[in-house]
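*Asks:* coordinates only, sequence not included:
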């Protein structure tokens, strides 16, 4: 199972920035392409007051800061140059995290989607939308929000595809700022299936693919959860992608690149489950030869050796 | 607002050492100078049993270890070579942190100041003193200690300037070893002004500048707090510097280099408030092209591009 | 006191992997040899489901994953090439950590020892065994387990030497995943001596050397604890090694390379106590010129300068 897509983690929640300029991004897209990545996904276009493009709307309504560079423009230009697809990740106001209410995200993105499509929709590489709300099974109103936002994206853009990337509420589903790396009250396989089937049943026509994050369960649980995910995706007419996390959740430093063996276990489980596509969170910190984490360059080499054996 | 000074974080509380020798320090001062830094400030000359110069007094009285190299001599020589100013940071016995009593720091430094001036006062680059006690508004006896130590420094050295670098007790004022990155009970702007006005009113003639750390409040709070700081500094005859932290307080890894956009927001707020000088904590880990954190080299490049636009 | 041995931290508990391949390991052994390291110790041959060599037994009985590369073979070949000694670290099922019962470790390793000796015993560099159970004074059944496992290793391999590397239950003995760096209820020197004397009295003929980890006590406590360790080792006929930790336990990032001064303090304390050998945990992350942590390369340089003065 080859990784053919990666998130771009600007604006970041919990991964320190690398402070790259245009030159480094251009070089990184070339590194991606060399191992078969054809899709880049902006993880979110903004988070609270930090934004990736100079949005008049977000600066006026949410007090966002004028960004020093237009990253959306930069990414689209570099994606155009390298013949890659760009997915735009919606704005995250942070208010859902504070209040549990998804309405803020719907309201904010109603404007963002139009603004972005007007400004950037003509780029050849603009190929889809990422509904960036990271949710789990307990997120109230998630299905409604996904449905509304997905339809808005499609309406604005002549039906470009949309996807979501939720997490499995497994034993490693702890906050990044927490001092622990696991918890006791993990979801059971049966609860997972029930609750996500209910959510997926409401997404018809609004969401095209689901890419569950693969890092919150133990490696020996991958097979069972992946089989259920594939079954649900098939039932509800979604493409089934895996979001193969390339950082290591098992270490006290949160987060550094994953051990190659672990990434391989996860990709092979996705292949065996018949998944449609693998994307990763994310290449530039955790797999890139020019990452500030030098382990990433070695992971790149190990991964390259691995895909040569296919 | 250009950064013209940097702390040197030896002895470090919470930033892992880079294990540099004379060659790396020489090269780093050159990197600093290339972006306009003319002042280096030894953050402290010792902390508990670890010291930067072979102090007979501290080895005898505080059981300090013989240091493998005389860093004070090294820094003064390199500062002389590059035509930079060196500020000496006082000794921190650690006892204040344990007991809440500042008297230990006053007693220890009474001897340290004389010892240091005798040994190193003739270096051309020895240009000032940093009263290294990091305090906040609730530190009992802080004003007294600053006053006493500031006067001692000046008496010993024919009136060389002194400065302090306290923190604002904002929402990000949590211990480095804490697993959290923010707290609930942040100081209000009004309390901040009342309490620091009271402290500053006692520093006349003993302290020349105050460089509040800029990282404990949120970015949208900078404007208000900086305005108050400048007003207080003016009222009490202090120079108003900003200590622009170049590490990121918003991430679970404590600490890696800051995102350039955040540093820029802080420097521009200081400029708008009419601050006199910007220093940073600190160049060698977080902004240097030769830092072990490669994000720092990229921050250096982004910062260099930024100051070219002035 | 020169460091002449190092652990190899595969499989790792809490240090992120570097994702090295055969080329990097070959180069690393050369870097080790250049500063006088003649012994490499595989810290453990497996931990829970992750293993370093394709053990039929562990895959069948413990559900272990097929490893992507046979690291034991790789290390033995590289050790042969560079004329170094290899110690094999036993398997850690993780069950002791969960249940407090050492019997699982004894049962699992009964088979592992034979399997490994059959597969790899003919390598010239296979020179000893490391009983990998990291224990402290309160570990029930530790002496029994060490005795049983040590005797099994010796029986299988014509008496090759064995060693253990326990920790001192000092103030820095906190879990890596904990958000703190020290605790209150540290062991006293007297308790340490009583409890370890009792353990050591049961190891006769089964264990040849003890290498206490040196990082859990404060630097000014080294002298007293090291003197007691040497006295106990002499009394019970054990060689007394030090496990000089080359990572820094005093920092919020867990873990980066240690400040050279601290390593020097620990090595000099071991020398003064008359220790027989110094090993380190561990070279490849924390002292290697090719470590992903660039501070490690500088530590390598400082250490090399230091040993040239002998």
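*Replies:* Yep, that arrived. If you're wondering where the values come from, they're calculated on a predicted model, not measured in any experiment.
*Asks:* And for residue A:52, nearest residue in space, chain neighbours not counted?
*Replies:* Leaving out its chain neighbours, the residue that sits closest to residue A:52 by Cβ to Cβ, 6 or more residues apart in numbering or on different chains is residue A:71, at 4.1 Å. The C-beta positions use only the backbone N, C-alpha and C, and glycine is treated the same way.
*Asks:* So that neighbour is in contact with residue A:53, correct?
*Replies:* Yes. Taking contacts as Cβ atoms under 8 Å, residue A:71 lies within contact range of residue A:53: 6.5 Å.
*Asks:* residues from chain A in reach of chain C?
*Replies:* Within chain A, the positions adjacent to chain C are A:179-181, A:219-220, A:248, A:251-253, A:256-261, A:264-265, A:293-295, A:298-299, A:301-302, A:305-306 by Cβ under 8 Å from any Cβ of the partner chain.
*Asks:* These also near chain B: which ones?
*Replies:* Filtering the residues of chain A next to chain C for neighbours of chain B using Cβ under 8 Å from any Cβ leaves A:179, A:253, A:294.
*Asks:* Specify the local secondary structure of residue A:86.
*Replies:* Put simply, residue A:86 is strand when judged by DSSP: H, G, I helix; E, B strand; the rest coil.
*Asks:* sorry, back to before: out of the ones next to chain B among the residues of chain A next to chain C, list just those in helices.
*Replies:* Among these, the ones falling in helices (DSSP state H) are residue A:294.
*Asks:* And the ones next to chain B among the residues of chain A next to chain C, which of them are buried?
*Replies:* A:179, A:253, A:294 (16 or more other Cβ atoms under 10 Å in any protein chain shown).
*Asks:* what's the closest of the residues you listed to residue C:137?
*Replies:* residue A:179 (25.4 Å; Cβ to Cβ).
*Asks:* pLDDT score assigned to the closest one?
*Replies:* Looking at residue A:179, its pLDDT reads 77.
*Asks:* doesn't residue B:252 make contact with it?
*Replies:* No. Using Cβ under 8 Å, residue A:179 is not in contact with residue B:252; the gap is 9.3 Å.
*Asks:* Tell me the secondary structure at the closest residue to residue A:100 other than its chain neighbours.
*Replies:* Spatial nearest neighbour of residue A:100, chain neighbours left out: residue A:140 (6.3 Å); criterion: Cβ to Cβ, 6+ apart. What three-state DSSP gives for residue A:140 is coil.
*Asks:* likewise the one 10 residues further on?
*Replies:* Remark: residue A:150 carries the secondary structure label helix [criterion: three-state DSSP].
*Asks:* repeat for the one 4 residues further on
*Replies:* Following three-state DSSP, we place residue A:154 in the helix state.
*Asks:* In contact with it, which residues?
*Replies:* Contacts for residue A:154 (Cβ atoms under 8 Å, 6 or more residues apart in numbering or on different chains) come out as A:129, A:160, A:162, A:206.
*Asks:* How about the last one, nearest residue that isn't a chain neighbour?
*Replies:* Same thing as residue A:206. Once flanking residues are discounted, residue A:206 sits nearest to residue A:150: 3.2 Å by Cβ to Cβ, 6+ apart.
*Asks:* What ranges in the stretch 151-300 of chain A fall below the confidence cut-off?
*Replies:* When residues are selected by pLDDT under 70, none of them lie in the stretch 151-300 of chain A.
*Asks:* and the residue in the stretch 51-200 of chain A positioned nearest to chain B, what are its phi and psi?
*Replies:* For the stretch 51-200 of chain A, the residue closest to chain B is residue A:179, as judged by Cβ to the nearest Cβ, at 3.6 Å. When read as degrees, to the nearest 10, the backbone of residue A:179 gives phi -90, psi -10.
*Asks:* In contact with it, which residues?
*Replies:* The contact partners of residue A:179, by Cβ under 8 Å, 6+ apart, come to B:179, C:177, C:178, C:179.
*Asks:* Just flag the most distant two among the residues you listed.
*Replies:* Longest span within the contacts of residue A:179, Cβ to Cβ: B:179 and C:177, 9.9 Å.
*Asks:* and residue A:89, what are its bridge partners?
*Replies:* On the basis of DSSP bridges, residue A:89 is bridged to residue A:130.
*Asks:* How many neighbouring residues does it have?
*Replies:* By other Cβ atoms under 10 Å in any protein chain shown, the residues close to residue A:89 number 24.
*Asks:* just residue A:155 next, same as before
*Replies:* Residue A:155 has 12 neighbouring residues, counting by other Cβ under 10 Å.
*Asks:* For the stretch 151-300 of chain A, which segments are assigned as helices?
*Replies:* Along the stretch 151-300 of chain A, the segments classed as helices by DSSP state H, counting those that start in this stretch run A:189-200, A:222-235, A:260-272, A:283-286, A:294-308.
*Asks:* Identify the residues contacting residue A:169.
*Replies:* Per Cβ under 8 Å, 6+ apart, neighbours of residue A:169: A:136, A:137, A:138, A:186, A:187, A:192, A:216.
*Asks:* In space, what's closest to the fourth one - neighbours in sequence excluded?
*Replies:* Translated: residue A:186. Here the residue nearest residue A:186, using Cβ to Cβ, 6+ apart, is residue A:171, at 4.1 Å.
*Asks:* Would you check that the one you found makes contact with residue A:216?
*Replies:* Yes. Using Cβ under 8 Å, residue A:171 is in contact with residue A:216, at 7.3 Å.
*Asks:* who's more crowded, the two?
*Replies:* residue A:216 (23 against 18).
*Asks:* ok, so what distance separates the one residue in the stretch 51-200 of chain A that gets nearest to chain C from residue A:257?
*Replies:* Residue of the stretch 51-200 of chain A nearest chain C, by Cβ to the nearest Cβ: residue A:179 (3.6 Å). Between residue A:179 and residue A:257 the computed distance is 21 Å (Cβ to Cβ, to the nearest Å).
*Asks:* next structured bit after the helix or strand encompassing residue A:61?
*Replies:* Element membership of residue A:61, judged by DSSP states H and E, is helix A:56-62. Where DSSP H and E defines the elements, the next helix or strand beyond helix A:56-62 is helix A:71-82.
*Asks:* Residue A:66: neighbour count?
*Replies:* Neighbours of residue A:66 under the rule other Cβ under 10 Å: 10.
*Asks:* Which strands or helices does the longest helix anywhere in chain A pack on?
*Replies:* Counting residues, the longest helix in chain A under DSSP H turns out to be helix A:103-120. Counting contacts by 3 or more Cβ pairs under 8 Å, 6 or more residues apart in numbering or on different chains; DSSP states H and E, helix A:103-120 packs against helix A:56-62, helix A:71-82, strand A:91-92, helix A:95-99, helix A:142-156.
*Asks:* Would the third one count as contacting chain B?
*Replies:* This points to strand A:91-92. No. Using Cβ under 8 Å from any Cβ, no contact is recorded between strand A:91-92 and chain B, whose separation bottoms out at 14.7 Å.
*Asks:* Stretch A:210-227: end-to-end distance?
*Replies:* Start to finish, the residues bounding stretch A:210-227 are 14 Å apart (Cα to Cα, to the nearest Å).
*Asks:* Distance from it to the middle of the chain?
*Replies:* Taking the mean of its C-alpha atoms, stretch A:210-227 sits 15 Å from the chain's own mean (Cα atoms, centre = their mean, to the nearest Å).
*Asks:* Same check on stretch A:84-101?
*Replies:* Centroid displacement of stretch A:84-101 relative to its chain, using Cα atoms, centre = their mean, is 11 Å.
*Asks:* Over to stretch A:3-14 now: how far is its first residue from its last?
*Replies:* Note: stretch A:3-14 ends 23 Å apart using Cα to Cα.
*Asks:* That stretch near chain B anywhere?
*Replies:* Yes. Judged by Cβ under 8 Å from any Cβ, stretch A:3-14 comes into contact with chain B through A:12, A:14.
*Asks:* List the buried residues for that stretch?
*Replies:* Judged by neighbour count (16+ other Cβ under 10 Å), stretch A:3-14 contains these buried residues: A:3, A:4, A:5, A:6, A:7, A:8, A:9, A:10, A:11, A:12, A:13.
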